[in-house]
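Peer 1: missing the sequence, but the structure's below:
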């Protein structure tokens, strides 16, 4: 059985996007390296230029992940990733209002779950098999953490202070959540940090 994990680029002051969902500064490191790395998003290739260290991290993640769980807001903001997520894995979307056209259509990489985050994680685990389930979008991640379902956190820490924006770790309650650092990889323009959640 794989892990339930999350991964994102984050500013030093804890934001994963600006106040208007802008991520250009947080994703800039993905285009400033000397190693080509291509991902497929929808019908288009997403060509990155990362460091050798970052390319290795990307490849490890792509090999380990089997399904992604996201909220409807991120699904809409991303334009459904043009029909295919860059990780090239099935996506489970948590929503109260699934789109009318193509809902859970055979062959679609998207499955819409309307009965909550816990059910979405269960469905994603079924899809992922022995691989990891990745959790995206702040609201869904916060619920997963509160439910005690998260096993691992990966942060691509970007050396910038945004001052305001969207925080991944709001609304977690008052009880401390202990983490154990398991990997640190320094790369140009970013530090890759991996933590396991102590249970």
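Peer 2: All right, it came through fine. Predicted model, so just to flag it, every value in this text is computed and none were measured. Numbers count the residues shown, from 1 in each chain.

Peer 1: Count the residues that sit near the residue nearest to residue 74 when sequence neighbours are not counted.
Peer 2: The shortest distance from residue 74 to any non-neighbouring residue, by C-beta to C-beta, 6 or more residues apart in numbering, is to residue 137 (4.0 Å). (Each C-beta comes from the backbone N, C-alpha and C, glycine too.) Using other C-beta atoms under 10 Å, residue 137 has 25 other residues around it.

Peer 1: which residues in the protein form strands?
Peer 2: 4-11, 15-17, 35-41, 44-50, 65-71, 91-94, 110-113, 132-135, 152-158, 166-167, 179-187, 190-197 (DSSP state E).

Peer 1: Throw those into a markdown table and include mean neighbour count, thanks.
Peer 2: Shown next, in a markdown table, are the strands of the chain (neighbours: other C-beta atoms under 10 Å):
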| stretch | mean neighbour count |
| --- | --- |
| strand 4-11 | 21 |
| strand 15-17 | 24 |
| strand 35-41 | 15 |
| strand 44-50 | 15 |
| strand 65-71 | 24 |
| strand 91-94 | 26 |
| strand 110-113 | 20 |
| strand 132-135 | 28 |
| strand 152-158 | 20 |
| strand 166-167 | 18 |
| strand 179-187 | 12 |
| strand 190-197 | 19 |
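
Peer 1: Using TSV, lay out these together with mean pLDDT and distance to residue 78.
Peer 2: As requested, the strands of the chain are arranged in TSV below (pLDDT from 0 to 100; distance: least, C-beta to C-beta, whole Å):
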stretch	mean pLDDT	distance to residue 78
strand 4-11	95	13
strand 15-17	93	11
strand 35-41	76	9
strand 44-50	78	12
strand 65-71	94	8
strand 91-94	94	10
strand 110-113	92	11
strand 132-135	96	14
strand 152-158	96	18
strand 166-167	91	14
strand 179-187	95	25
strand 190-197	96	21
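
Peer 1: give the contact list for the most centrally placed residue in the chain.
Peer 2: With distances taken as C-alpha atoms, centre = their mean, the residue of the chain nearest its centroid is residue 136 (3.8 Å). Going by C-beta atoms under 8 Å, 6 or more residues apart in numbering, residue 136 touches 6, 8, 68-71, 74.
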